[in-house]
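> structure, please.
(chains A and B)
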Amino acid sequence: MRLFDILRRSLRNLRTAQMRTILTALAMSVGTFALTLTLAASNGARQYGNTIITNNFDPTALIVSKDKNFFKQNTANQPQEYNPSFGTVTSAIGGSRQIQMLDDNDLARLRDLPGVKSVRPAISLGLRYITRDGARKYVATAQAYNAYRTPDLLAGAIPASIPTHSIILPEAYVHALGFTSAGAAINQTVRLAVNKQASASALTQLLAKNGANGLSSPPANSVEERFKVIAVLKKPSSLLVASNGLTLYVSEPDIIALNDIATKGSSDYHTYLTAYVEVANGTNSANLTTVQNEIQKAGYGAESVLNAEQAITQVITVLQGIVSIFGAVAVIASLFGVINTMYISVLQRTREIGLMKALGMHKKDVARLFEIEAALIGFFGGIIGSILAFVAGTIANPFIAKALGIGNTKLLQFNAAQILGLIIALIILAILAGFLPARKAAKLDPIVALRTE
Amino acid sequence: MLQVTDVQRTFKSGDTTVTAVGGVNFKIPEGKFASIVGQSGSGKTTLLSLLGGLDKPTSGSIEVDGQDITKMHDHQLIGYRCRKIGFVFQQYNLVPNLTAIENVMLPMEFAKVPVAKRQARAKELLAQVELSEDQMKRKPGRLSGGQQQRVAIARALANSPALILADEPTGNLDSQTGKMIFDLLHSLSRSQNTTIVVVTHDLSIAGKTDKVFRLKDGKLVR
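Have a look, this model is predicted:
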């Protein structure tokens, strides 16, 4: 018998038992629905994770620390011996660790490594305040602007190279500083104040003048610098970037200069917790890994975007696995439905099978007829489930995005190849489920089958 | 030509052996219409199953067109049933979800006949058994007993078999319709030069066939 004829006959049989076919396919579609949504959610979560990474990490840069253990979790359960030359880092949950700091010699050493394009210290400078004429003073944090970011702007423009004494202002400061709009802030001047370490001579004078009490209230010693607003950043979705949207961005030389003012005379002067090492042709992950290995060989700790991606992917994969188990359980349960349906079908059509075998239908064609019927049920289950999941996901996406505040990001991302793979897997499983009933049908003795009422 | 030589079929039932057909010999020339008559339990249907390749004899040989079917493997028997044999049953045995024309096309599907050819042949055969165009498109449930048996006869002829085996073909029909079906089989044996073997317990019908074999307790009697 030709395969096409068997397929046609199978479709015909399924149409005859329409309600049974639909119900069995619907049972299969429940699992497909769950699995399609799980896959879509993990696709979305992965993409979302990557968006977070690209919004927060320079993909061509490595984050380098002097301490190899800096990027490792603070899981040590043994006390760490104190070293006076190290800085101390306290984590958010209160655990303290000593971390070695990078200095100018380290930066120079890193610059000399092969494949390194540039090295810049990671500076996040807590300002004393930001203000402008006639406005109140607000605390703020400043960082160097890095061109890998492509932030949404409310006004102004960001040139490829930021001129010194220019500032990119977050949206939140526009009204705080008394500007009527983001546009009105452009080309206006703001003032940044940096705490200056009291010099030894100033402190000596203070001691001589007021005695020991004088040291309890050192003179307010800050330096104000003037900056011109060149752009205003739109407030980013809190879920898309790690920052709180209150960071001011200035040029690289400016942040170094401000940091120097703030740290001169202290042990922090020209020492840095981490530095960004930009890799030549760093978009090529092989280059990134090579340089990362070089840096680690030189005795430093280095972390790349790939590591961050791996960490996020690992979490998502585990979550996906857990949710997939529920979908898989639903699919397995529905397979028993397929087996049941096919057995009933064989029983109901015993006489018909006997007749067809008497008329010259081969055993293998009888088996194939029932296997194809099972496969078609699997196919319909897969199609129904994935279409329902797609429709539900498309409807739900805007609501999810709104609830999570992630803008236009679609958290449920459907992938045609995955859905196709899922449907093919269901077809194969359904064929396996139909195997025993099909074998029963193929083995029927035509004489006995024809006598069945 | 159908030649049956010393055909025996026994079944084991616990410790005892039951002989359904015991040492049957007969010969039917090509294109002849023969009947096998006998009481219920005389072994008629078993003999018909043996002739149709649905069952294998314990001993003996059955030659159809010079081929001994008792020596055939299972898959060869399927081919034999498909191309050499046409079955007509007392219960008609039409597939309920197929139309009359589709039922006739079924054996041709198994014989891998191209779709267009199947359709033309099925129509031609149904016209020969005097089914109207409208009736051809009906499913068995919407046809009378006589019409259904005519569809079954058309189906038996689909692959131009050498032998048509009919098991009580008129058993479910009233006498008038039964006579019509019988006449139809008779005329077909002549027009198509097909050998027809009918199993019946109706002696009035058997009397009109070219040859009559009487079966009693699995053996032919005079």
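> domains in chain A, as residue ranges please.
Using automatic domain parsing, the domains assigned to chain A come out as A:3-51+A:312-451, A:124-267.
> worst average pLDDT in these?
Here the lowest mean pLDDT among those goes to domain A:124-267, at a mean of 82.
> give the pairing partners of the helix or strand B:Gly22 falls within; include direction for each.
When secondary structure is defined by DSSP states H and E, B:Gly22 falls within strand B:16-28. Paired neighbours of strand B:16-28 in the sheet (DSSP bridges): strand B:2-13 (antiparallel).
> where along the chain do the helices fall?
Because you didn't say which chain, this covers chain A. Taking DSSP state H as the test, the helices found in chain A are A:3-16, A:18-56, A:104-111, A:172-176, A:182-185, A:200-210, A:252-263, A:285-297, A:305-348, A:350-358, A:363-404, A:416-443, A:446-451.
> my question was about chain B
According to DSSP H, the helices that chain B contains are B:44-51, B:74-84, B:100-110, B:115-128, B:133-136, B:145-157, B:175-191, B:203-206.
> rebuild those helices as TSV, extending it with mean neighbour count.
To be clear about C-beta, it is placed using only N, CA and C from the backbone, and glycine gets the same treatment. Listed next are those as TSV, based on neighbours: other C-beta atoms under 10 Å in any protein chain shown:
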stretch	mean neighbour count
helix B:44-51	23
helix B:74-84	18
helix B:100-110	25
helix B:115-128	17
helix B:133-136	14
helix B:145-157	25
helix B:175-191	17
helix B:203-206	16
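> which of these sits closest to chain A?
Smallest distance to chain A across the helices of chain B (C-beta to the nearest C-beta): 2.5 Å, for helix B:74-84.
> returning to that earlier point: so which of the domains of chain A is the most surrounded?
domain A:3-51+A:312-451 (a mean of 19; mean count of other C-beta atoms under 10 Å in any protein chain shown).
> just the endpoints, please. Distance across that one?
Its first and final residues considered, domain A:3-51+A:312-451 spans 29 Å by C-alpha to C-alpha, to the nearest Å.
> would it count as contacting chain B?
Yes. Counting by C-beta under 8 Å from any C-beta of the partner chain, chain B is contacted by domain A:3-51+A:312-451 at A:5, A:9, A:12-13, A:16, A:351-352, A:355-363, A:365, A:446-447, A:450.
> by contact count, what packs against the least confident helix or strand in chain B by mean pLDDT?
Ranked by mean pLDDT, DSSP states H and E, the helix or strand of chain B with the weakest confidence is helix B:203-206, at a mean of 81. Using 3 or more C-beta pairs under 8 Å, 6 or more residues apart in numbering or on different chains; DSSP states H and E as the contact criterion, the neighbours of helix B:203-206 among helices and strands are strand B:33-38, helix B:175-191, strand B:195-200.
> contacts for it, please.
Contacts made with helix B:203-206 from outside it, assessed by C-beta atoms under 8 Å, 6 or more residues apart in numbering or on different chains, are listed as B:Ser35, B:Val37, B:Thr170, B:Gly178, B:Lys179, B:Phe182, B:Val198, B:Thr200, B:Val212.
> OK, contacts around residue 26?
Answering for chain A, as no chain was given. A:Leu26 makes contact with A:Gly381, A:Ile384, according to C-beta under 8 Å, 6+ apart.
> that's the wrong chain, I meant chain B
B:Gln3, B:Val4, B:Phe213, B:Leu220.
> burial measure for the first one, as a count.
Burial measure for B:Gln3: 15 neighbouring residues, criterion other C-beta atoms under 10 Å in any protein chain shown.
> how much space between the closest residue to it other than its chain neighbours and B:Met1?
Distance criterion C-beta to C-beta, 6 or more residues apart in numbering or on different chains; nearest residue to B:Gln3, sequence neighbours excluded, is B:Glu63 at 4.4 Å. B:Glu63 sits 7 Å away from B:Met1, taking C-beta to C-beta, to the nearest Å as the criterion.
> just A:Arg20 next, same as before
Distance from A:Arg20 to B:Met1, by C-beta to C-beta: 48 Å.
> distance of the residue lying closest to A:Glu171 once chain neighbours are set aside relative to A:Lys410?
Leaving out its chain neighbours, the residue that sits closest to A:Glu171 by C-beta to C-beta, 6+ apart is A:Lys235, at 4.5 Å. Going from A:Lys235 to A:Lys410 by C-beta to C-beta gives 21 Å.
> can you check A:Thr164 too?
41 Å.
> so what's the most centrally placed residue in chain B up against?
Nearest to the centroid of the C-alpha atoms of chain B, with distances taken as C-alpha atoms, centre = their mean, sits B:Leu165, at 1.8 Å. Contacts for B:Leu165 were tallied using C-beta under 8 Å, 6+ apart; they are B:Leu48, B:Leu51, B:Gly52, B:Ile85, B:Gly86, B:Phe87, B:Val88, B:Val197, B:Val199.
> got TSV for these, with distance to A:Val391 too?
Rendered in TSV, the data for the contacts of B:Leu165 read as follows (distance: C-beta to C-beta, whole Å):
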residue	distance to A:Val391
B:Leu48	58
B:Leu51	60
B:Gly52	54
B:Ile85	53
B:Gly86	52
B:Phe87	51
B:Val88	53
B:Val197	62
B:Val199	60
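> adding pLDDT and distance to chain A, write these out as CSV.
As requested, those are exported to CSV (pLDDT from 0 to 100; distance: C-beta to the nearest C-beta, whole Å):
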residue, pLDDT, distance to chain A
B:Leu48, 92, 10
B:Leu51, 94, 12
B:Gly52, 93, 7
B:Ile85, 93, 8
B:Gly86, 93, 9
B:Phe87, 93, 6
B:Val88, 93, 11
B:Val197, 94, 15
B:Val199, 91, 14
